[in-house]
Each structure stands twice: as structure tokens, then as C-alpha cells.
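> Quick one: sequence plus predicted model below, questions after.
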Amino acid sequence: MNGDPLWQEEIETLRSIIAKSGLEERIKWGTKVYTHKGKNVVSALGFKNYFSLWFYNGVFLSDPYHKLVNAQEGVTKALRHWRFESGEEIDEEKILEYIREAIRNEDAGKVWKPEKSSELVIPDLFQQRLDADKNLKSAFEKLTLFKQKEYVEYLESAKREATQITRLEKIIPMVLEGVGLNDKYR
């Protein structure tokens, strides 16, 4: 992401603008993230075909200039980004306007909270394995609801049955060990 020298000058320009907002610079996920009272507000990242500002609670921004994009419609909930394809598109005044609004939103407590789903629905393929293996079922039931949901979502996101089967085989040893799907990243 940020390793591409193509956008380094533009990213540094964005970071110098962000610095004028009074946000605190921190390193998170291997990149610079700008925070307000410990809350993530914005970051500047370079990609292959563009560079962008990422607003962590961008869903609450009024977006008066219609610059913000949802990275993955239906998947990304709160995150919004402002894409740039050249340094000439950088407008310091507008960027600071968005950042100031994002800071005000943080101060107002506007934070996207995940919707709690009512019930865990286990895919048939996985349920059959749980029913056939008491140790697996017991290990799965001992996991927190959050970890159970991670596994279920991982299986459900596979479009093909062959991929679901491959994923199921991958997660069974993890479930038996009592670890969550993404524990190694936490």
C-alpha cells in the first residue's frame, strides 16, 4: 500500500495538511493513523491507481462536496474515503473542513456501532460436521459468540461449495484448539 513511491509526495502533502488539524499521529496496522482523544479519525494511504484519505467514521460526515466513497458497498459500514488521482486534486481548505467535521463528530460521540444479530445460524455443511463430531461441537460451543460468528461468516462468505469445504477443513483444527479465526491478528 504505502510502499509505492509513486504517491509518496502526495501522501506527505496530505499528512502535512492533517498535521494542521491538531490530530495526534500514531502507528496502527503498520501505517500512520491520526487520532483525536485516542479515537481513529483519518489516515492517508497510497494504492496502485490512487491515493486517499480514509475517515474512520466517515459515514457521519455531511460530505458537502460529494467526495466520499464507500470502499465496499454493503460490507464497509463506517469507513469512507476520498480518492485522489493526482496531486492537483488536493484542496487543503476542503480537506481541513472534512477533518474538522470528523473531529466534531468524535467529540459529539458519533461512532458507528455494529448491529447485534439476534441468532447464530450455522451453515448446513458445518452443522452436519458438528452433529457428527461431539468433540468439535463441544469445542465450538465453548468459544465466545463473537468467535463463533467469525467462523460462520467466514464459511458463509464462500460462494462455491468447494471453497466452503476447504474453509471448513481449515477451521476445524482451530476450533478444536479453542482459538478464534483472527486471534493471531489481535
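Looks like it arrived, so ask away.
> quick one: stretch 148-163 to chain centroid distance?
18 Å (CA atoms, centre = their mean, to the nearest Å).
> got it, and stretch 81-89?
Using CA atoms, centre = their mean, the offset of stretch 81-89 from its chain centre is 21 Å.
> where along the chain do the strands fall?
24-28, 31-36, 39-46, 51-55, 68-69, 80-84 (DSSP state E).
> possible to save those strands as a markdown table with mean pLDDT and mean neighbour count?
C-betas here are computed from N, CA, C, even on glycine. As requested, these are exported to a markdown table (pLDDT from 0 to 100; neighbours: other CB atoms under 10 Å):
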| stretch | mean pLDDT | mean neighbour count |
| --- | --- | --- |
| strand 24-28 | 95 | 11 |
| strand 31-36 | 96 | 18 |
| strand 39-46 | 96 | 22 |
| strand 51-55 | 96 | 25 |
| strand 68-69 | 96 | 17 |
| strand 80-84 | 96 | 22 |
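> Let me have these in TSV, extended by distance to Leu96.
Putting the strands of the chain into TSV (distance: least, CB to CB, whole Å) gives the following:
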stretch	distance to Leu96
strand 24-28	16
strand 31-36	12
strand 39-46	11
strand 51-55	11
strand 68-69	15
strand 80-84	12
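> And those: which comes nearest Glu177?
strand 24-28 (27.7 Å; CB to CB).
> by contact count, what packs against the closest one?
Strand 24-28 sits against strand 31-36, with contacts defined as 3 or more CB pairs under 8 Å, 6 or more residues apart in numbering; DSSP states H and E.
> Pull the contacting residues for the residue lying farthest from the centre of the chain.
Centroid-distance maximum for the chain: Ala132 at 35.2 Å, with CA atoms, centre = their mean. The contact partners of Ala132, by CB atoms under 8 Å, 6 or more residues apart in numbering, come to none.
> Tell me how far it lies from Arg167.
Distance, Ala132 to Arg167, using CB to CB, to the nearest Å: 17 Å.
> Repeat that for Asp183.
Distance of Asp183 to Arg167, computed by CB to CB: 16 Å.
> do Phe146 as well
Phe146 sits 18 Å away from Arg167, taking CB to CB as the criterion.
> out of those two, which sits in the more crowded spot?
Neighbour count, other CB atoms under 10 Å: between Phe146 and Arg167, Arg167 has more, with 19 against 8.
> Could you list every helix and strand in contact with the worst-scoring helix or strand of the chain on mean pLDDT?
None of the helices or strands of the chain scores lower by mean pLDDT, DSSP states H and E than helix 145-156, at a mean of 92. Contact here means 3+ CB pairs under 8 Å, 6+ apart; on that basis helix 145-156 packs against helix 124-132, helix 161-177.
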